[in-house]
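Peer 1: model this:
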Amino acid sequence: QVQLVESGGGLVQPGGSLRLSCAASGSIFAISTMGWYRQAPGKQRELVATITNLGSASYADSVTGRFTISRDNAKNTVYLQMNSLRPEDTALYYCNADITARLGDRWDYSKYWGQGTQVTVSS
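Peer 2: Numbers count the residues shown, from 1 in each chain. Got it, this is the predicted structure:
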């Protein structure tokens, strides 16, 4: 079984910083693209940033220049460094990953999601 577990959310003042982490565990053979999404109350889930297994990153326009996504392939972990946070960044942040895993006697390739970590930006 494969799990993604996020950590690092919390309450921060506008202009502050937070670093989110997401660790994948289980019978993992390989992880390709990893990413972060967010969902604010009453809004649809939106893409924040993605990173390939070779380290190529892409960002939503709203976070470009303020957020940085990175990963440690040896630890099956993806990070999101968030700087210059704004109240509009307040949301539940989810990580996801495209994972090839061994499930019983078969190989499986699926997109997995974490449970989410809350980020609140408020004075």
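Peer 1: how about Ser27, what does it touch?
Peer 2: Counting by CB atoms under 8 Å, 6 or more residues apart in numbering, Ser27 touches 1-2, 101-103. Using the backbone N, CA and C atoms, a C-beta is placed for each residue, glycine as well.
Peer 1: And those residues, which of them are buried?
Peer 2: 2, 101 (16 or more other CB atoms under 10 Å).
Peer 1: May I have the phi/psi pair for the residue of the chain positioned farthest from its centre?
Peer 2: Farthest-out residue of the chain from its mean C-alpha position, per CA atoms, centre = their mean: Asp105, at 29.3 Å. Per-residue torsions, Asp105: phi -100, psi 20 (degrees, to the nearest 10).
Peer 1: which residues of the chain fall in strands?
Peer 2: With DSSP state E as the criterion, the chain has strands at 3-7, 10-12, 18-25, 28-39, 46-51, 57-59, 67-72, 77-82, 91-103, 106-113, 117-121.
Peer 1: With mean pLDDT added, can I get the ones you listed in TSV?
Peer 2: As requested, the strands of the chain are exported to TSV (pLDDT from 0 to 100):
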stretch	mean pLDDT
strand 3-7	96
strand 10-12	98
strand 18-25	98
strand 28-39	97
strand 46-51	98
strand 57-59	98
strand 67-72	98
strand 77-82	98
strand 91-103	96
strand 106-113	93
strand 117-121	98
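Peer 1: returning to that earlier point: what about the residue farthest from the centre of the chain, distance to Val121?
Peer 2: 47 Å (CB to CB, to the nearest Å).
Peer 1: Also Asp89?
Peer 2: Separation of Asp89 from Val121 (CB to CB) stands at 5 Å.
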